[in-house]
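Novice: generate coordinates for the sequence data below:
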Amino acid sequence: MRSLFWRLFVINGLVFVAGTLILAFAPVTISSFINPAEIPVLAVGLVVILTTNALLVRAGLRRLDAEYLASGALAVAAQEGERQRISRELHDEIGQSLTVALLSLRRVADRAPESLREETELAQQAVRKSLDDVRSVARRLRPGVLADLGLRSALKELVEEFSRSSGVDVIRSMPKDLPPLDREVELVVYRVAQEALVNVARHAHATSVRIAVSVDDRRLTLLVSDNGHGGSYPEGVGIRGMRERAALVSAEFSVGPNPGGGTDVRLEIPDAVRGS
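Specialist: Residues are numbered from 1 along each chain as shown. You can find the predicted model right below:
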């Protein structure tokens, strides 16, 4: 904010200094009591000052927007890198350790006396559940199916896991064959859908949610629509993150109530299809 203040201050200062110099050295004079003939001179001067100020401010804000998008891209890239690192550690280290522990418990159960059989079974179930949880978190952090099988399969797996864990019915609607999409576009669509479903589970109190993907020419639209209490989700980190991701692919993003009483999350990417 301080940087933006000083940029606008300098821009406006330059405009008014220039206007002052023009009035000081221009071959026109203004009477102490304004002559009607001098009003056009004042009007033209005001228009020139305002126009110049608007052009300079726009140029400054355009540069600021570019810097914001660049920093957002770096932040998202760093976030994805950290997600992948944590996912690998969960899968390769913690997952492997839990697998070894589960195998050891099975061997112990085979040799344990009947009086300890029930306890060893409970221990195996607890470790098995922890292993499943670790694998589930690792998949959410780094959706390998997105890179291996594409956006459609990744979204299918995402909504199935969401429905199992939340108990909310999910209706999917998407083309059988999606056109080729840029890697960055696929990742943005996946992450926005993922965060939208998280918000449904946390805030919507919904019993049903619809996730739809459609492609019209080069434009891709993602819609996540629930039948919850309606309105918009809290403007927290999740919504801000979705907006930042949308900006990376020059997408239009909106969150608001739908006619059915729930909430719509809409992402529209005007130039999503690759090589067309």
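Novice: check the secondary structure at the nearest residue to residue 94 once chain neighbours are set aside for me.
Specialist: Excluding the flanking residues, the one nearest residue 94 by CB to CB, 6 or more residues apart in numbering is residue 134, at 5.4 Å. Where you see a C-beta, it was placed from the backbone N, CA and C, and this is true even at glycine. Following DSSP: H, G, I helix; E, B strand; the rest coil, the label given to residue 134 is helix.
Novice: what about the strands in this protein?
Specialist: Read by DSSP state E, the chain holds these strands, from start to end of the chain: 169-173, 208-216, 219-226, 252-257, 263-269.
Novice: restricting to C-alpha, output the shortest one in CSV.
Specialist: Just to be clear, that refers to strand 169-173. The C-alpha trace of strand 169-173 is given here as CSV (Å, rounded to 0.1, in the frame of the first residue of the first chain):
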residue,chain,number,x,y,z
ASP,A,169,-24.0,-36.4,-3.0
VAL,A,170,-22.1,-35.1,-6.1
ILE,A,171,-23.4,-34.9,-9.6
ARG,A,172,-20.8,-34.7,-12.3
SER,A,173,-21.3,-33.2,-15.7
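Novice: contacts for it next, please.
Specialist: Strand 169-173 is contacted from outside by 155-156, 159-160, 162-163, 207-214, using CB atoms under 8 Å, 6 or more residues apart in numbering.
Novice: before we move on, what about the third one?
Specialist: Residues external to strand 219-226 that are found in contact with it (CB under 8 Å, 6+ apart): 168, 181, 185, 189, 192-193, 196-197, 200, 204, 206, 208-215, 258, 260, 262-273.
Novice: buried ones among those residues?
Specialist: 168, 181, 185, 189, 192-193, 196-197, 200, 204, 206, 209-211, 213, 215, 258, 262-269, 272-273 (16 or more other CB atoms under 10 Å).
Novice: helices along the chain, start to end?
Specialist: Under the criterion DSSP state H, helices of the chain are mapped to 2-25, 39-89, 95-111, 114-141, 144-149, 151-166, 183-199, 237-248.
Novice: give me the distance between residue 265 and residue 183.
Specialist: Residue 265 is 22 Å from residue 183, where distance means CB to CB, to the nearest Å.
Novice: identify the residues contacting the residue positioned nearest the centre of the chain.
Specialist: Residue closest to the mean C-alpha point of the chain, counted by CA atoms, centre = their mean, is residue 242 at 1.9 Å. Residues counted as contacts of residue 242 (CB under 8 Å, 6+ apart) are 191-192, 195-196, 253, 255, 265, 267.
Novice: distance check, it against residue 150.
Specialist: From residue 242 to residue 150 the distance is 21 Å (CB to CB).
Novice: residue 181 now?
Specialist: Distance from residue 181 to residue 150, by CB to CB: 8 Å.
Novice: ok, back up a step: ok, the residue nearest to residue 94 to residue 98 distance?
Specialist: Counting by CB to CB, the gap from residue 134 to residue 98 is 6 Å.
Novice: same check on residue 205?
Specialist: 34 Å.
Novice: between those two, which is the more surrounded one?
Specialist: The residue with more neighbours, out of residue 205 and residue 98, is residue 98; 20 against 13, by other CB atoms under 10 Å.
Novice: what's the burial count for the spatially closest residue to that one that is not a sequence neighbour?
Specialist: In this structure, residue 98 finds its nearest non-sequential neighbour in residue 131, 4.3 Å apart by CB to CB, 6+ apart. Neighbours of residue 131 under the rule other CB under 10 Å: 18.
Novice: cool, and residue 238?
Specialist: Residue 238: 18 surrounding residues under other CB under 10 Å.
Novice: just the one 5 residues further on next, same as before
Specialist: Neighbourhood size, residue 243 [other CB under 10 Å]: 16.
Novice: show the model's pLDDT score for it.
Specialist: pLDDT for residue 243: 87.
Novice: contact partners for the nearest residue to it once chain neighbours are set aside?
Specialist: Leaving aside its sequence neighbours, residue 243 sits nearest to residue 253 (CB to CB, 6+ apart; 5.4 Å). The neighbours of residue 253, taking CB under 8 Å, 6+ apart as the test, are 192, 242-243, 246-247, 266-268.
Novice: what is the most widely separated pair among the residues you listed?
Specialist: The widest separation within the contacts of residue 253, taken as CB to CB, falls between 247 and 266 and amounts to 14.8 Å.
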